[in-house]
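>>> predicted model and sequence below, questions to follow.
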Amino acid sequence: MWLSRLVRKHHEAVKFLVVGGICFLTTTVINYALKLTVLHEKPVTALAVATLVSTVLSYVLNREWSFRTRGGRERHHEAALFFSVSAVGIVLNSVPLAISRYMLHLQVPEVTRPVQEIADFVSGIILGTLLAMCFRLWAFKRFVFPQAEARPPRQTRRTGRGPRSAVVQHEPARDGVDEVL
C-alpha cells in the first residue's frame, strides 16, 4: 500500500506531525485560557506563553519519540539548540498575529469581536503554527538532531507462539549489557 510505504519512508516527519498536533492542542487551550482570563488585553503575550509551554512538551516528545534514533550531540548542547530553534519558532508563530492585530487592525473596535477572534485564530494559531512548524522540522533535522541512527533504535522480536505472538522489547542497559524489558 502506498500510504504505508510513505509513512515508513517519512516516519520522523509523521511522528513530528503527531507531536505537533498534540502541541497545537496544548497551545490552543493555554492560549485561550490566558486570553480569556488574565491576558485578555495582551493576545500576543498569551500566544507566546502558550507556545513556550508547548515547546517544553515538544522537546520531550520529539527527543524521546520523533527523533529517538537521531542525535550526535551532548544532551545539554542538544537542548540548548532545541530551545534556540524553538525561540525562533515562537517569534515566527507570533508574527502573523502581530501583523493581524497591529498592522491590519483586526481588533475591536475596528472590527466586531467575532471577526477579531477569527482573525486571531487564523493568523496566530493556524498561519503562525504552520510557519513555525516548517521552520522547526527543517532546523531540528539540520541542527538539533543532525545524525540519523546516532542512538540505537528500540528493537523488537516476536516470541513465535502462535499468530499473535507477544512482542518483547530490548533496550540497552546503562552498563552496555542488553536487558529484556
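Done, it's in.
>>> which intervals of this structure have sub-threshold pLDDT?
7, 71-72, 150-181 (pLDDT under 70).
>>> centre-most residue in it?
Nearest residue to the geometric centre of the chain (Cα atoms, centre = their mean): Gly20, 3.8 Å.
>>> so which elements touch whatever helix or strand it lives in?
Element membership for Gly20 (DSSP states H and E) is helix 11-35. Applying 3 or more Cβ pairs under 8 Å, 6 or more residues apart in numbering; DSSP states H and E, one finds that helix 11-35 contacts helix 43-61, helix 128-139. C-beta coordinates here come from the backbone N, C-alpha and C atoms, glycine included.
>>> roughly how far out does that helix sit from the chain middle?
Remark: helix 11-35 is offset 6 Å from the chain centroid, using Cα atoms, centre = their mean, to the nearest Å.
>>> ok, stretch 24-44 next?
18 Å.
>>> now the end-to-end length of that stretch.
Terminal residues of stretch 24-44 are spaced 16 Å apart (Cα to Cα, to the nearest Å).
>>> contacts for that stretch?
Residues from elsewhere that reach stretch 24-44 (Cβ atoms under 8 Å, 6 or more residues apart in numbering): 45-47, 49-51, 53-54, 57, 94, 97-98, 101, 120, 124-125, 129.
>>> same thing with stretch 131-143?
So stretch 131-143 is contacted by 12-13, 16, 20, 51, 62, 67, 70, 81-82, 85-86, 88-90, 92-93, 95-96 (Cβ under 8 Å, 6+ apart).
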